[in-house]
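In: One predicted model, sequence on top.
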Amino acid sequence: MKHLFTFFIIPLLVINTSIQKENFIGKWEGEDQGEIGYILFDNEGYAAFEIQGQVLGGKEFTMNGEKGKMTYSINYETEPIEIDFIMTKIETGESKTILGIAEFTNESTMIFDMSFDSERPSGFTDTAITLKRVK
């Protein structure tokens, strides 16, 4: 009996985790101070911000003459969900983390807020934006 329990429960846990992670995968559109921007999450763990046609992030990008990459990690164990964007200089390995939070209102809409000052928002502020899944 114990083996049957393990046989059925472990696959359910694995499926549940992969479904949660899939929630973020894709391109999300939001409006901030009258400008439309995008956040992209790929299934390899890379993220990017796109504003006015300029892409910052992904597997490789250049900023101030230096090559970098941006990855993300998501903590589903908290409420709201915690999202970390890790920007890493490829040559030196030096990194900076942008801390964010998110809450899904449905499968294609989320409220999103982040901070650039090394402190995660404790709740959604007036800088929070609503993101809609584009693809």
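Out: That came in fine, so what should we check first? Numbering: from 1, shown residues only.

In: which residues in this protein form helices?
Out: Under the criterion DSSP state H, the chain carries helices at the ranges 2-22.

In: What is the neighbour count of Phe41?
Out: When counting by other CB atoms under 10 Å, one arrives at 21 neighbours for Phe41. Bear in mind the C-beta positions are built from the backbone N, C-alpha and C, glycine included.

In: Could you do Met63 as well?
Out: Met63, neighbours per other CB under 10 Å, totals 12.

In: give me the low-pLDDT residue ranges for the protein?
Out: Where the chain drops to pLDDT under 70, the residues are 1-22.

In: one more time with 90
Out: Scanning the chain with the threshold set as pLDDT under 90 gives 1-23, 32-34, 53, 63-64, 115-118, 122, 125-127, 135.

In: Might you report the residue contacts of Glu82?
Out: Ile74, Asn75, Leu99, Gly100, Ile101, Arg120 (CB atoms under 8 Å, 6 or more residues apart in numbering).

In: mind redoing it with 6 Å?
Out: Taking CB atoms under 6 Å, 6 or more residues apart in numbering, we find Glu82 in contact with Asn75, Ile101.

In: repeat for Ile81
Out: Contacts of Ile81 were listed using CB under 6 Å, 6+ apart, and they are Ala102.

In: is it in a bridge, and if so with what?
Out: Note on Ile81: beta-bridge partners by DSSP bridges are Ala102.

In: And the strands in the protein?
Out: Ranges of strands within the chain are 26-32, 35-41, 47-51, 54-57, 61-63, 66-75, 81-89, 95-106, 109-115, 129-133, based on DSSP state E.

In: Each with direction, which strands does the first one pair with?
Out: Going back to what we said before, that points to strand 26-32. strand 35-41 (antiparallel), strand 129-133 (antiparallel).
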